[in-house]
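A.B. asks: sequence and predicted structure are below.
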Amino acid sequence: MKMKCTQCGCDDLEEVDFPYEAKLDEVAVGIAGESSFYDMHEEVYTQTYICTKCGHFEFFNPELAKLVLEEREKCAKIQKEIDNFDKQISDKNNEIKNVEQQIDSIKEQLKNIDITIRQSNELKSKQQDLSNKLKALKAGSQELIKQQNNLKRKLEA
Ligand SMILES: [Zn+2]
């Protein structure tokens, strides 16, 4: 990494202990809102350099930069999984709608006073199957939503 003084552009920087080896707590890190993500350990210190030409101080912390990038990647991955669940939940809901429509259709057919007992029994049996299927689909949908919420909570943590 080539370091440069942001004040005068000189690249002759010397590492110094100034003003002290600051512990990177949430305040020192200075990335409000994001800082709580980083479980900073006491041994992670910022590196301080002084410009030999103008005396300007520069602060670097490659470890923290790495942590920030890792955290970003992790969040992007979780977000992708959440989006994936959106698709699955939407598919499941479409299936649910479809089965509900089939059940409604059967109910309508059962209202017809001209159907035979046999037809009626067949329809009722079909209706029972669809009801079971609907129950399973709804449970599946709930489970997907639950899993998605767990991921959302992870992102908010
Ligand atoms: Zn300088």
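C.D. replies: Received, thanks.
A.B. asks: now residue 86: how far from residue 128?
C.D. replies: For residue 86, the distance to residue 128 equals 32 Å [CB to CB, to the nearest Å]. Bear in mind the C-beta positions are built from the backbone N, C-alpha and C, glycine included.
A.B. asks: next: residue 148.
C.D. replies: Taken as CB to CB, the span from residue 148 to residue 128 is 31 Å.
A.B. asks: quick one, strands of the chain?
C.D. replies: For the chain, strands defined by DSSP state E occupy the ranges 13-16, 47-51, 57-60.
A.B. asks: who in this structure is up against the ion?
C.D. replies: Contact residues (CB under 5 Å from the ion) of the chain with the ion: 5, 7, 8, 10, 51, 53, 54, 56.
A.B. asks: wait, what's in contact with the closest residue to the fourth one other than its chain neighbours?
C.D. replies: Counting by CB to CB, 6 or more residues apart in numbering, the nearest residue to residue 10 once its immediate chain neighbours are dropped is residue 53, at 3.9 Å. Residues in contact with residue 53, defined by CB atoms under 8 Å, 6 or more residues apart in numbering, are 5, 8, 10, 12.
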